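1. A structural model of the following input is requested.
(one chain, ligands or ions: 2)
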Amino acid sequence: MARGRVTRLTACDVRFPTSLGAHGSDAMHTDPDYSTAYVTLETDAEDGLKGYGITFTLGKGTEVVVCAVNALAPHVLNKDLGDIVGDFRGFYRQLTSDSQLRWIGPEKGVVHLATAAILNAVWDLWAKQEGKDPRTLSSCIDFRYISDVLTEEEACEILQKNQAGKKEREAQMLTQGYPAYTTSCAWLGYSDDRLKQLCTEALKGGWTRFKVKVGADMQDDVRRCGLIRDMIGPEKTLMMDANQRWDVPEAVEWMARLAEFKPLWIEEPTSPDDILGHAAISRALAPLGIGVATGEQCHNRVIFKQLLQARALQFLQIDSCRLGSVNENLSVLLMAKKFGIPVCPHAGGVGLCELVQHLIIFDFISVSASLENRMCEYVDHLHEHFKYPVLIQKACYLPPKDAGYSTEMKEESVKKYQYPDGDVWRKLLAAQGK
Ligand SMILES: C[C@H](O)[C@@H](O)CC(=O)C(=O)O
Ligand SMILES: [Mg+2]
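-> Residues are numbered from 1 along each chain as shown. Ligands and ions are numbered 1, 2, ... in the order given. The predicted model follows:
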């Protein structure tokens, strides 16, 4: 039984100055400061448990998301956790249907990132209190707008069917972990020397799958992709990420030129909203053996539904903080299963690896039951700020063993990196004369 009435919600603006080292840089986000709107939920349950929720943002955007979290807070405050999760679908709908806030969404942008932060905290708290079965899980999904491709009965059927073999898959995860790829070697702002050094270290560490940022300058891309392909050899897997830089024809031409480096996929080749554009790029690149991957900027389950219907992607990238938490991610995992498309989550940023590992390991155990063409992104930044950081072994995620959603940050990190009053920012802002 979920227990306690939510008595307090706090939202902190926590930013890490990653732009100083060009970490996280790509063709569109040249100076990202990895940041989070960090939500804490407290209850009167007197069990010492709190719920922690994050959503991933960049720098200045964080203050806007924190503001949206505070605007949504009245929907959570003074509610019993039991009532929230007892009708989680209803609660999800209430949160996403606030009749004044909905106008600045609906179910997308800042207001949806804020929804994710709050719901991630609810899931963290609930997960610390009790386990879940297939019926409970499907009752958390809002099927509105997707029932034409996935009904509640079908969702339950998929989950029920995969009860068989679940124990073996759990054991497999515990011993081998979930396969990962690294993006940490080849951010766009890194020099060639840095790229080489990081790539050498990653190869030594057993990494076999690499992602490189592309899209700003063709000659640079040819040089950097050649460099990385030479270093990793012909057998290892290479992915490319353009972060929405191109128009549709430009994406096709650019990738035709980079095809010699044998990328498995091109990620976000164009606007994340252009479903038919993605479909056209998919068709054009199929003969070159290059798939299209997207999802880290997909607003919601509706966009994923249409990407799947239009056969616009070959690799689907859920994001634990852009969609409406576990509730909406579950619906996308189940739709992907129905369409036979592998899910390879987005997991850069702050804490995305910590959260999404739960979703993708769950996907293997209970939804897809397959590792074919599947892997989860890993970036080697900022894990030290989490109380339960991810564990990587031989380029695989080992399943988290602590109860909850691995969302809790270390108190001292939140204090130090809180914007603008944390020590780190006070010093940085003073040095910039602000
Ligand atoms: C701005 C972020 O670092 C972005 O480049 C991350 C991304 O696209 C990825 O990890 O994939
Ligand atoms: Mg990306």
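
2. CA atoms for contacts and neighbours, from now on please.
-> Noted.

3. close to ligand 1, is stretch 307-327?
-> No - judged by C-alpha under 6 Å from any ligand atom, stretch 307-327 and ligand 1 are separated, with a smallest distance of 9.0 Å.

4. export that stretch as PDB, just CAs?
-> Extracted in PDB, the C-alpha atoms of stretch 307-327 (Å, rounded to 0.1, in the frame of the first residue of the first chain):
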ATOM      1  CA  LEU A 307       6.900   8.000 -36.400                       C
ATOM      2  CA  LEU A 308       6.200   4.300 -36.000                       C
ATOM      3  CA  GLN A 309       3.100   4.400 -38.300                       C
ATOM      4  CA  ALA A 310       5.100   6.300 -40.900                       C
ATOM      5  CA  ARG A 311       8.000   3.900 -40.700                       C
ATOM      6  CA  ALA A 312      10.100   7.000 -40.100                       C
ATOM      7  CA  LEU A 313      12.600   5.500 -37.700                       C
ATOM      8  CA  GLN A 314      14.600   2.300 -37.400                       C
ATOM      9  CA  PHE A 315      15.800   2.900 -33.800                       C
ATOM     10  CA  LEU A 316      13.600   4.600 -31.200                       C
ATOM     11  CA  GLN A 317      15.200   6.700 -28.600                       C
ATOM     12  CA  ILE A 318      13.000   7.200 -25.500                       C
ATOM     13  CA  ASP A 319      14.000   9.900 -23.000                       C
ATOM     14  CA  SER A 320      13.200   9.400 -19.300                       C
ATOM     15  CA  CYS A 321      12.800  13.200 -18.700                       C
ATOM     16  CA  ARG A 322      11.200  14.500 -21.900                       C
ATOM     17  CA  LEU A 323       8.200  12.200 -21.900                       C
ATOM     18  CA  GLY A 324       5.700  12.200 -19.000                       C
ATOM     19  CA  SER A 325       7.800   9.900 -16.800                       C
ATOM     20  CA  VAL A 326       7.500   6.100 -16.600                       C
ATOM     21  CA  ASN A 327       3.800   6.400 -17.500                       C
END
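
5. number of residues surrounding whichever residue of the stretch 151-300 of the chain sits closest to ligand 1?
-> Residue nearest to ligand 1 within the stretch 151-300 of the chain (C-alpha to the nearest ligand atom): Asn243, separated by 5.7 Å. Neighbour count for Asn243, taken as other C-alpha atoms under 10 Å: 24.

6. same question for Glu46.
-> 9.

7. residue contacts, it?
-> Gly4 (C-alpha atoms under 8 Å, 6 or more residues apart in numbering).

8. Phe315 too?
-> Counting by C-alpha under 8 Å, 6+ apart, Phe315 makes contact with 265, 291-294, 341-344.

9. if we go to 6 Å?
-> Contact analysis of Phe315 by C-alpha atoms under 6 Å, 6 or more residues apart in numbering lists 293, 342-343.

10. give me the beta-bridge partners of it?
-> Under DSSP bridges, the beta-bridge partners of Phe315 are Ala293.

11. how close does it sit to Arg223?
-> As judged by C-alpha to C-alpha, to the nearest Å, Phe315 and Arg223 stand 26 Å apart.

12. could you do Glu408 as well?
-> Using C-alpha to C-alpha, Glu408 is found at 40 Å from Arg223.

13. pLDDT averaged over stretch 60-78 - what is it?
-> Summarised as a single mean, pLDDT over stretch 60-78 is 98.

14. chain center to that stretch: distance?
-> Computed by C-alpha atoms, centre = their mean, to the nearest Å, the chain-centroid distance of stretch 60-78 equals 20 Å.

15. what of stretch 179-187?
-> Using C-alpha atoms, centre = their mean, the offset of stretch 179-187 from its chain centre is 14 Å.

16. okay, it in PDB with CA atoms only?
-> Backbone C-alpha positions of stretch 179-187 (Å, rounded to 0.1, in the frame of the first residue of the first chain) are rendered in PDB as follows:
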ATOM      1  CA  PRO A 179      24.700  -3.400 -23.600                       C
ATOM      2  CA  ALA A 180      25.700   0.200 -23.800                       C
ATOM      3  CA  TYR A 181      27.400   2.600 -26.300                       C
ATOM      4  CA  THR A 182      29.400   5.700 -25.500                       C
ATOM      5  CA  THR A 183      29.000   9.200 -26.700                       C
ATOM      6  CA  SER A 184      31.700  10.600 -24.400                       C
ATOM      7  CA  CYS A 185      34.600  10.400 -26.900                       C
ATOM      8  CA  ALA A 186      33.300  12.600 -29.700                       C
ATOM      9  CA  TRP A 187      31.500  15.700 -28.600                       C
END
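
17. and the residue of this structure nearest ligand 1?
-> Gly24 (3.4 Å).

18. list the contacts of the residue nearest to that residue when sequence neighbours are not counted.
-> Leaving aside its chain neighbours, Gly24 sits nearest to Trp187 (5.9 Å; criterion: C-alpha to C-alpha, 6 or more residues apart in numbering). Residues near Trp187 by C-alpha under 6 Å, 6+ apart: 24-25, 213.

19. mind putting these into TSV with pLDDT, neighbour count and secondary structure?
-> Formatted as TSV, these follow (pLDDT from 0 to 100; neighbours: other C-alpha atoms under 10 Å; DSSP: H, G, I helix; E, B strand; the rest coil):
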residue	pLDDT	neighbour count	secondary structure
Gly24	97	25	coil
Ser25	97	20	coil
Lys213	98	25	strand
